[in-house]
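*Asks:* Structure, please.
(chains A and B)
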Amino acid sequence: MVEENAPARAMFLVVSGEFLRQKNIHGDQFGISVLEPGDTSGLLEFLNVGFHVSSIVAGRSSVVLEMDPGEFEDFLKSLNLDVSVVMRGLCTDYVADLLSCVPLLLDLELAVLKKIAKNFSMVRYEKKQKLFECSQLATEFVVVMNGTTKASTGGANEGDPQIVGLYSSGDWMNEDAIRQKRNYPVDLTAVSDNCMALVCNTEGFERMLELGGGVLANSMQRVVSGRLAQAMGKCSVFAGLSALTSKFAEFMHFDEVPSGTTICNQFGKVDGFYIVLSGELDMLVDSIGGVELARPHCKKKLKVRGRGGAGETGEGSKRSA
Amino acid sequence: MNDFFGADWLLFNKGEAQASVIASSHCVLLRTPSASFDELSVMCPLLRTRLDKLNEEQKEKDGMELKLVKAVEEAVMDRERKKGGGN
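*Replies:* Below is the predicted model:
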């Protein structure tokens, strides 16, 4: 009845039968809720984003009443209902439905999701609009719900910005940066039309962690371990050592390093084993095999090699560019 | 593939860096602290074998690299000497 991404021109009131609301996440259709007589759809999308974020499929003998959103407002007023209260309720329910198909939140119960949903807003972004920049302190937890966004190292850094990943429906970002009170890890820019994200501020994010409890903490841990193992699998010395990569994941940390930072000096102490996930480093030597050189020599450029460039940004779930 | 560094220095050079490493752009790195890496390399003999092999290869490369770098240095100094003579 309604296709995802179609322009939202009207709202629907279910009169009889049942409708299934679906959301495309990484190419798979998730059934996110069932609409029954009395339920409405399309109003929030009409008012907030201008297109349908989810699709609706009609069951047998199902009937809807198509309404102009203005007419619906008049209808609510005629029933002496407070429009803003009704809208808030609709918004919470819809956001909870959308959050229910985000991989990070899959294990949470709907009642918990409804509480979490109260802290999120639906935000539409125009193509080429930046959702956030890595020069800013991370204050928003972002879940991309529609369209595609591009993560890149910031223009504020030296050198050309490097694309480090593409984020689309169901991908989330910034949980580490918010918890560690750091800047956003990347610049995130909308690269498609119909880009919409669910966004919550720091307080909302903390409340989400509180409400999600151990279930959410476990999901986050699982995601982080998977991410680390995936990054390590792309490192030649660990190829085929999957049992070891999960062990390593317990000890590894993401380090973000601004341009110009010295990680170690030749003949100084190195404080760990490093894997490059994005960006580029110079490996310089003043001497080779004990023989002094007249000037520093660049042995190697350390980076992510191969088609498509970098790997992880240290946040969210995403596909490499 | 993701480049890496530090493993051979931790295992074969008592943690002494054999090069300076400087970020030439904003970077995201995954770091395993030295103590944890030592522990994990003991747990996995195959990893240790791979790193042993890489270390041997690196030594050979260093020998060739040194010859090349020295040759370049001499050529540069030669050119500078000639320039100086010209003045």
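
*Asks:* Who are the packing partners of the helix or strand bottoming out on mean pLDDT in chain B?
*Replies:* For chain B, using mean pLDDT, DSSP states H and E, the weakest element among its helices and strands is helix B:45-86, scoring a mean of 83. Packing partners of helix B:45-86 (3 or more CB pairs under 8 Å, 6 or more residues apart in numbering or on different chains; DSSP states H and E): strand A:281-288, strand A:291-302, helix B:7-12, helix B:34-43. Where you see a C-beta, it was placed from the backbone N, CA and C, and this is true even at glycine.

*Asks:* Need the residues that contact the shortest one.
*Replies:* I take that to be helix B:7-12. A:237, A:270, A:272-273, B:15-18, B:34, B:37-38, B:41, B:48, B:51, B:54-55, B:58 (CB atoms under 8 Å, 6 or more residues apart in numbering or on different chains).

*Asks:* hmm, back to that, could you give the angle of the least confident helix or strand of chain B to strand A:281-288?
*Replies:* Taking axes from the mean of the first three to the mean of the last three CA atoms, to 10 degrees, one finds that helix B:45-86 is oriented at 70 degrees with respect to strand A:281-288.

*Asks:* Identify the bridge partners of the residue of chain B found nearest chain A.
*Replies:* With CB to the nearest CB as the measure, B:C27 is the residue of chain B nearest to chain A, at 3.1 Å. Assessed by DSSP bridges, B:C27 has beta-bridge partners A:V257.

*Asks:* Tally up the residues packed near the closest residue to chain B within the stretch 1-150 of chain A, please.
*Replies:* The stretch 1-150 of chain A approaches chain B most closely through A:C134 (7.3 Å), counting by CB to the nearest CB. A:C134 has 25 neighbours, counted by other CB atoms under 10 Å in any protein chain shown.

*Asks:* What distance do you get for it to B:P33?
*Replies:* Going from A:C134 to B:P33 by CB to CB, to the nearest Å gives 25 Å.

*Asks:* ok so, going back, nearest to A:G50, of the helices and strands packed on helix B:45-86?
*Replies:* Across the helices and strands packed on helix B:45-86, A:G50 has its closest neighbour in strand A:281-288 (44.0 Å, CB to CB).

*Asks:* just the angle between that closest one and strand A:291-302, please?
*Replies:* Using the same axes, to 10 degrees: strand A:281-288 against strand A:291-302 is 160 degrees.

*Asks:* In the sheet, which strands lie alongside strand A:281-288, parallel or antiparallel?
*Replies:* strand A:291-302 (antiparallel), strand B:20-23 (antiparallel).

*Asks:* Okay, buried residues for it please.
*Replies:* Within strand A:281-288, the residues that count as buried by 16 or more other CB atoms under 10 Å in any protein chain shown are A:281-285, A:288.

*Asks:* try stretch A:61-80
*Replies:* Buried residues in stretch A:61-80, defined by neighbour count with 16+ other CB under 10 Å: A:62, A:64, A:67, A:69, A:72-73.

*Asks:* Distance from it to the middle of the chain?
*Replies:* 34 Å (CA atoms, centre = their mean, to the nearest Å).

*Asks:* Now tell me what touches it from outside.
*Replies:* Outside stretch A:61-80, the residues that reach it (CB under 8 Å, 6+ apart) are A:1, A:10-19, A:40, A:43, A:46-47, A:58, A:83, A:86.

*Asks:* Does the residue of chain B closest to chain A touch A:S278 like I think?
*Replies:* Yes: at 6.4 Å, B:C27 counts as touching A:S278 under the criterion of CB atoms under 8 Å.

*Asks:* okay, these two: which has more neighbours?
*Replies:* A:S278 (29 against 26).

*Asks:* so what's that one bridging to?
*Replies:* Residues in a beta bridge with A:S278, per DSSP bridges, are B:V28.

*Asks:* so which of the strands paired with strand A:281-288 gets nearest A:F120?
*Replies:* Across the strands paired with strand A:281-288, A:F120 has its closest neighbour in strand B:20-23 (35.1 Å, CB to CB).

*Asks:* Skipping adjacent residues, who's closest to A:D39 in space?
*Replies:* Closest residue to A:D39 apart from its sequence neighbours, by CB to CB, 6 or more residues apart in numbering or on different chains: A:V14 at 4.8 Å.

*Asks:* just checking, that neighbour is part of a strand?
*Replies:* Yes: membership of A:V14 in a strand is supported by DSSP: H, G, I helix; E, B strand; the rest coil.

*Asks:* what's it in contact with, if anything?
*Replies:* Counting by CB under 8 Å, 6+ apart, A:V14 has contacts A:35-41, A:62-64.

*Asks:* gap between it and A:V34?
*Replies:* Applying CB to CB to A:V14 and A:V34 gives a distance of 10 Å.

*Asks:* Tell me the pLDDT of the residue nearest to A:D39.
*Replies:* Turning to A:V14, the model gives it a pLDDT of 88.

*Asks:* what's the spacing between it and B:G6?
*Replies:* In terms of CB to CB, A:V14 sits 61 Å off from B:G6.

*Asks:* Next one: the strand or helix carrying A:A231, is it in contact with chain B?
*Replies:* Using DSSP states H and E, A:A231 sits within helix A:202-233. Yes: if you take CB under 8 Å from any CB of the partner chain as the test, helix A:202-233 does meet chain B, through A:228, A:231-232.

*Asks:* Show me what residue of the stretch 151-300 of chain A gets nearest to chain B.
*Replies:* A:G279 (3.1 Å).

*Asks:* Would you check that that residue makes contact with B:H26?
*Replies:* Yes: using CB under 8 Å, A:G279 makes contact with B:H26 at a distance of 5.5 Å.

*Asks:* which neighbours do these two share?
*Replies:* A:153, A:257, A:259.

*Asks:* Next, count neighbours for the first one.
*Replies:* It refers to A:T153. With other CB under 10 Å as criterion, A:T153 counts 27.

*Asks:* ok, now A:G59?
*Replies:* Using other CB under 10 Å, A:G59 has 11 other residues around it.

*Asks:* List the contacts of it.
*Replies:* A:17-20.

*Asks:* what do you get for A:H297?
*Replies:* So A:H297 contacts A:284-286, A:288, B:69 (CB under 8 Å, 6+ apart).

*Asks:* Nearest to A:A6 among these?
*Replies:* A:L284 (55.8 Å).
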